[in-house]
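Engineer: Sequence and computational prediction follow.
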2 protein chains.
Amino acid sequence: MTRKQLHFVQSLGRGLAVLQAFSAERSSLKLSEIAQITGLNVTAAQRFTDTLMQLGFIHRDKHREFHLTPKVLSLGFAFLNGSQLKRLGADLMDRCSQRLNRTMNMAVLDGDAVVFLHRSETQRFLKFDLQAGSRLPSHSTGTGKALLAGLEDNELFHKLENMELTQVTSYTLTTPRTLWDDFMEIRKRGYAICDREMNLSLYSLGAPVFNGEGKTVAAINISLSVEEAKGDQPKKMLEELWDLSREISLSMGWDGPYPAYPPPAPWPGQED
Amino acid sequence: MTRKQLHFVQSLGRGLAVLQAFSAERSSLKLSEIAQITGLNVTAAQRFTDTLMQLGFIHRDKHREFHLTPKVLSLGFAFLNGSQLKRLGADLMDRCSQRLNRTMNMAVLDGDAVVFLHRSETQRFLKFDLQAGSRLPSHSTGTGKALLAGLEDNELFHKLENMELTQVTSYTLTTPRTLWDDFMEIRKRGYAICDREMNLSLYSLGAPVFNGEGKTVAAINISLSVEEAKGDQPKKMLEELWDLSREISLSMGWDGPYPAYPPPAPWPGQED
DNA sequence: TCTTTTGTTTCGCTGAATGGTAGTAGACTG
DNA sequence: CAGTCTACTACCATTCAGCGAAACAAAAGA
């Protein structure tokens, strides 16, 4: 792990590593497990667990196993509720979702994953349980593709070359080259189509949200079942989605040409 | 801030303080503001912001202001999805919520606040927007009161004496003594009533969830408008809520007498 | 029971973390 | 545009916070 040594507070890094050792699958850990996962020696791990306990972020049950406490949620909550995006967009999205009787989501990019900020639910059955904070691979979701298409060419290229392109279904695009072409289509069209790439019964449309500088800061999506996608539903939904994305972008300060995607560019890698 | 000095890793504490300096209201901070809020000198604050940036938890915009990144959500998400409670209870609650066409919530206690873990939404209008991670004062919510009533007597007393009992509406109970009496009623009845104590048009019923040892680990609630609460709706809702709480407790391993609240106890403080 | 694994405590060493100072870049003002 | 803030960055000597080995204690298995 090469990291600029200058100005890096080791103890903070290690302590956060301890917090991150917990996950949905590994929700209770023994001291020795924490030490193993983080690569710390046991004594050090103990110092950090002690500290985190005193701060109330983890707690130890009677079997001497550590768990995260609800306090860790408060960190994420500060982010969610402080985000201008959510404040401005959530209401607009809720209303649109109600009107269409469709579940919609708003997401941002974090590393190679899309993270959901807000979900407007409806009664419809197609229940694909996501909630604020959920993460999904970006290359196989409507929101993810709408977001990736908004990156600068070189950043996009670099990311494609380095990210893991998991084959989620047989429809998932898994090579940098094919995805690049898809993104260029998205830039032209202004919206993303994700047809069974995430789930064999799911057809999702994703549209970007731009901030005052025309940078892609978020994406919204609307899902249809594959059945519905055969009719003229997509067209209608797309219009609504498009209008909504425009409206949210406007409230974020973008009043320039729409969409504000960069112009399509040729594949910058070696042809093979 | 008195804190056991032994085995407390200062740098971790300070670094986390920097993260916690951000909130919904203060979502973007300058270096000097961070230093001021955390009580660190500027140089130290810089070391921590540097570290947190390198770790991807915060980022700095072009106006040199710091923001949290979506990465902080992942910490809370590990907690949410690792919680047995949520895994077991969410589905049961969703189904119940659908059947009754009522929004329900599940919450746990964290310090003096209730933190919502899961929300089962319905179309109903009474929209009081909460989402996983939201925090509310515990003394004025149905879930909060159901949770507090489950504390050990001395813990409950101590908490009541030390927590801030904000007067949210004119109905909110704000003295330790009156709340104590209310909690004893809750222990007898097995459920909490929160009538306009949080919001003048809200009537909420809260029921506890017990774990395998009979400890109160969570609470669920169902809300009615004050209008509806006048009829025989509460009775019906209560039955459903009660059954659900029992069912969730059972799946958590509690098969003893119900409810598993401690027995009512007299007010331990000085009479005045 | 004994053995193995896991967790706790101690302690001397060292460099990570500290905070003062001085220098620099932006922002605001008149 | 000079002048004056204030906010931020870079540097560096000092030192104590954090470190890990090792000895000890306590659970968990067998």
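Structural biologist: Done, it's in.

Engineer: Nearest residue to residue A:49 in space, ignoring adjacent ones along the chain?
Structural biologist: Leaving aside its sequence neighbours, residue A:49 sits nearest to residue A:66 (C-beta to C-beta, 6 or more residues apart in numbering or on different chains; 6.0 Å). Yep, even glycine has a C-beta here, placed from its N, CA and C like the rest.

Engineer: Let me fix that, I meant to ask about residue A:216.
Structural biologist: residue A:150 (2.5 Å).

Engineer: I'd say the one you found and residue A:262 touch.
Structural biologist: Yes - under the criterion of C-beta atoms under 8 Å, residue A:150 makes contact with residue A:262 at 7.4 Å.

Engineer: Between these two, point out the one with more neighbours.
Structural biologist: Per other C-beta atoms under 10 Å in any protein chain shown, whichever of residue A:150 and residue A:262 has more neighbours is residue A:150, with 26 against 16.

Engineer: and that one, that one's in a strand?
Structural biologist: No - counting by DSSP: H, G, I helix; E, B strand; the rest coil, one finds residue A:150 to be coil, located in no strand.

Engineer: What's the separation between it and DNA strand C?
Structural biologist: Noted for residue A:150: a distance of 26 Å to DNA strand C, by C-beta to the nearest atom of the strand, to the nearest Å.

Engineer: do you know how far that residue is from residue A:114?
Structural biologist: 12 Å (C-beta to C-beta, to the nearest Å).

Engineer: remind me, longest helix of chain A?
Structural biologist: helix A:233-251 (DSSP state H).

Engineer: elements contacting it?
Structural biologist: Contact analysis of helix A:233-251 by 3 or more C-beta pairs under 8 Å, 6 or more residues apart in numbering or on different chains; DSSP states H and E lists helix A:84-100, strand A:202-210, strand A:216-225 as its packing neighbours.

Engineer: Outline the domain layout of chain A.
Structural biologist: Here the domain assignment for chain A is A:10-69, A:76-251, based on automatic domain parsing.

Engineer: The first one near DNA strand D at all?
Structural biologist: Yes - against DNA strand D, domain A:10-69 shows contacts by C-beta under 7 Å from any atom of the strand at A:10, A:11, A:14, A:40, A:41, A:42, A:43, A:44, A:47, A:48, A:63, A:64.

Engineer: residue contacts, the closest residue to the last one other than its chain neighbours?
Structural biologist: Going back to what we said before, that points to residue A:64. Distance criterion C-beta to C-beta, 6+ apart; nearest residue to residue A:64, sequence neighbours excluded, is residue A:30 at 6.9 Å. By C-beta atoms under 8 Å, 6 or more residues apart in numbering or on different chains, residue A:30 lies in contact with A:64, A:65, A:66.

Engineer: so the second one touches residue A:32, yeah?
Structural biologist: No - here residue A:65 lies out of contact with residue A:32, judged by C-beta under 8 Å, at a distance of 10.9 Å.

Engineer: more neighbours, those two?
Structural biologist: A direct count of neighbours by other C-beta under 10 Å for residue A:65 and residue A:32 places residue A:65 higher, at 14 against 10.

Engineer: returning to what we had before: pLDDT of the longest helix of chain A, averaged?
Structural biologist: Mean pLDDT, computed over helix A:233-251, is 93.

Engineer: List of residues touching that helix?
Structural biologist: With C-beta under 8 Å, 6+ apart as the test, helix A:233-251 has contacts from A:85, A:88-89, A:92-93, A:96, A:99-100, A:102, A:190-191, A:203, A:205, A:207-211, A:218-222, A:224, A:228, A:258-260.

Engineer: try 7 Å this time
Structural biologist: Outside of helix A:233-251, the residues within contact range by C-beta atoms under 7 Å, 6 or more residues apart in numbering or on different chains are A:88-89, A:92-93, A:96, A:100, A:191, A:205, A:207-210, A:220, A:222, A:224, A:258.

Engineer: what are the ranges of the strands in the stretch 51-200 of chain A?
Structural biologist: A:58-60, A:66-68, A:104-110, A:113-120, A:135-137, A:192-195 (DSSP state E, counting those that start in this stretch).

Engineer: Tell me how many other residues crowd the closest residue to chain B within the stretch 151-272 of chain A.
Structural biologist: Here the residue of the stretch 151-272 of chain A nearest chain B is residue A:213; by C-beta to the nearest C-beta that distance is 8.9 Å. The number of residues packed near residue A:213 is 12, by other C-beta under 10 Å.

Engineer: tell me the pLDDT at it?
Structural biologist: 84.

Engineer: quick one: which of the contacts of helix A:233-251 is nearest to DNA strand D?
Structural biologist: Looking at those and their distance to DNA strand D, the nearest is residue A:88, at 25.3 Å (C-beta to the nearest atom of the strand).

Engineer: For the closest one, which residues are in contact?
Structural biologist: Contacts of residue A:88 (C-beta under 7 Å, 6+ apart): A:248, A:251, A:252.

Engineer: Please tell me how far it sits from chain B.
Structural biologist: 13 Å (C-beta to the nearest C-beta, to the nearest Å).

Engineer: likewise residue A:105?
Structural biologist: On the measure of C-beta to the nearest C-beta, residue A:105 and chain B end up 13 Å apart.

Engineer: Name whatever forms a beta bridge with that residue.
Structural biologist: Legend: beta-bridge partners of residue A:105 under DSSP bridges are residue A:119, residue A:221.

Engineer: which residues sit in contact with it?
Structural biologist: Residue A:105 neighbours (C-beta under 7 Å, 6+ apart): A:116, A:119, A:130, A:143, A:220, A:221.

Engineer: how about the CA coordinates for stretch A:202-222, as CSV?
Structural biologist: Extracted C-alpha coordinates of stretch A:202-222, given in CSV (Å, rounded to 0.1, in the frame of the first residue of the first chain):
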residue,chain,number,x,y,z
LEU,A,202,-35.2,-5.5,-15.2
TYR,A,203,-35.1,-2.7,-17.7
SER,A,204,-33.9,0.6,-16.3
LEU,A,205,-33.5,4.1,-17.6
GLY,A,206,-31.0,6.5,-16.1
ALA,A,207,-30.5,10.2,-16.5
PRO,A,208,-27.8,12.5,-15.3
VAL,A,209,-28.1,15.5,-13.0
PHE,A,210,-25.7,18.4,-13.6
ASN,A,211,-24.5,21.0,-11.1
GLY,A,212,-24.0,24.7,-11.8
GLU,A,213,-20.7,24.0,-13.6
GLY,A,214,-22.2,21.4,-15.8
LYS,A,215,-20.5,18.6,-14.0
THR,A,216,-22.4,15.3,-13.7
VAL,A,217,-23.0,15.0,-9.9
ALA,A,218,-25.8,12.5,-9.7
ALA,A,219,-28.1,10.3,-11.7
ILE,A,220,-31.7,9.3,-11.3
ASN,A,221,-33.4,6.2,-12.6
ILE,A,222,-36.7,4.6,-13.2
